[in-house]
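Novice: the following comprises the amino acid sequence and a computationally predicted model.
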Amino acid sequence: MSSPAGRPRVVAKIDELRDVLRAVRRDGKRIGLVPTMGALHDGHLSLVRASREECDYTVVSIYVNPTQFGPSEDLEQYPRTLEADRDALAEYETPLVFAPSSAEVYPAGYATWVAVGSVAEPLEGTCRPGHFRGVATIVLKLLNVVQPDVAYFGQKDYQQALVIRRMVEDLNVPSAIRVCPIVREPDGLAMSSRNAYLSPVERRRALVLWESLCLASELVAGGQRDAAVLAERMREVILSAEGARIDYVALVDPDTLAPVEAIRGRTLAALAVRVGRTRLIDNRLLEPEP
Ligand code: AMP
């Protein structure tokens, strides 16, 4: 058990954060940044563990960024659990949580946006117009404010990680980007703050995402190379769950996200599915034997 004294300090102001980090940097410490929207689970905490292994000082940002939510999305309902998040971080001796208000992030007169092309366009980019503009903008702001040596992201949001890598390279941001594996529940469901929206029945139905990714992987291991066949078989599994609606099931190049017709090398299977009112995403890299 961690003592309350081990809970991270919460800083809400950019100037104060900069003061703290100036002193940290002066001590020659490597700074790691883990950007999150809070409601922390073990997926987030795996990023914190990765940062602790590689860096001397880890900043976890907790901010539900309104500009990455569409007008009919779940911004209002999104879980906000700052005190429980601090408790979870105490175990990892995380020194600092940056939890700004929207007035601090987007003050009156705010007018600058980051638009990433190519990898931001398909899949989530098509289903959630404006989403990656909001994501790229907040992540660039966090990278500018924290100036971490390394920033950590999850493969759960595979496309988001590609968008951020593209932005960091294109805009010469001097932070390294690490992408950590997807953390799953014991039955395979990818951990997500949005899983809290699922009723017990929906929670069981949501397993079809993982089952469809496993089926794709098995079919590829068995020699199936036709992407259309794989996508169709995945769709069948997903639609076997009552109330499941598919936004997309895609087999794409893992670097460009361009659709593939045949599985010739590493291929990303990516999907977005609504279970009841909850939109879930998941993905898996398919690796055919040579
Ligand atoms: P979020 O709070 O949903 O914006 O997620 C913050 C970071 O945690 C992102 O880089 C996500 O990709 C990552 N993340 C979320 N869920 C998982 C998971 N199940 N496994 C690994 N990383 C995750």
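Specialist: Looks like it came in fine.
Novice: quick one, what contacts the nearest residue in space to Gly188 that is not next to it in sequence?
Specialist: For Gly188, ignoring the flanking residues on the chain, the nearest one in space by CB to CB, 6 or more residues apart in numbering is Trp210 at 3.6 Å. All C-beta atoms are positioned from the backbone trio N, CA, C, and that covers glycine. With contacts defined as CB atoms under 8 Å, 6 or more residues apart in numbering, the neighbours of Trp210 are 184, 187-190, 282.
Novice: can you pull out the helices in this protein?
Specialist: 14-26, 42-54, 82-90, 102-105, 124-127, 131-146, 158-170, 200-205, 207-221, 227-239 (DSSP state H).
Novice: got the buried residues for the second one?
Specialist: The one in question is helix 42-54. Within helix 42-54, the residues scored as buried using 16 or more other CB atoms under 10 Å are 43-52.
Novice: which of the residues you listed sits closest to Arg235?
Specialist: Closest approach to Arg235 among the buried residues of helix 42-54 (CB to CB): Gly43, at 25.8 Å.
Novice: check what pLDDT that closest one gets.
Specialist: Per-residue confidence at Gly43 stands at 98 (pLDDT).
Novice: again with Gly6
Specialist: 89.
Novice: re earlier: just put the buried residues of helix 42-54 in TSV and tack on distance to the ligand.
Specialist: Output for the buried residues of helix 42-54, formatted as TSV (distance: CB to the nearest ligand atom, whole Å):
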residue	distance to the ligand
Gly43	2
His44	5
Leu45	9
Ser46	6
Leu47	6
Val48	10
Arg49	11
Ala50	10
Ser51	12
Arg52	15
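Novice: just to revisit the earlier point, buried ones among the contacts of Trp210?
Specialist: Buried residues within these, counting neighbours by 16+ other CB under 10 Å: 189-190, 282.
Novice: these in strands, which ones?
Specialist: Assigned to strands by DSSP state E, the following of the buried ones among the contacts of Trp210 qualify: Asp282.
Novice: ok, and of the buried ones among the contacts of Trp210, which contact the ligand?
Specialist: On the criterion CB under 6 Å from any ligand atom, Ala190 are the entries of these that sit beside the ligand.
Novice: which of the buried ones among the contacts of Trp210 lies closest to the ligand?
Specialist: Ala190 (4.8 Å; CB to the nearest ligand atom).
Novice: what's the closest non-adjacent residue to that closest one?
Specialist: Nearest non-adjacent residue to Ala190, counting by CB to CB, 6+ apart: Asp282, 4.8 Å away.
Novice: out of the contacts of Trp210, what pair is the most spread apart?
Specialist: Asp187 and Asp282 (13.0 Å).
Novice: ok and the residue in the stretch 151-290 of the chain nearest the ligand?
Specialist: For the stretch 151-290 of the chain, CB to the nearest ligand atom, closest residue to the ligand: Gly154, 2.1 Å.
Novice: OK, contacts around that residue?
Specialist: By CB under 8 Å, 6+ apart, Gly154 lies in contact with 43-44, 46-47, 161, 179-183.
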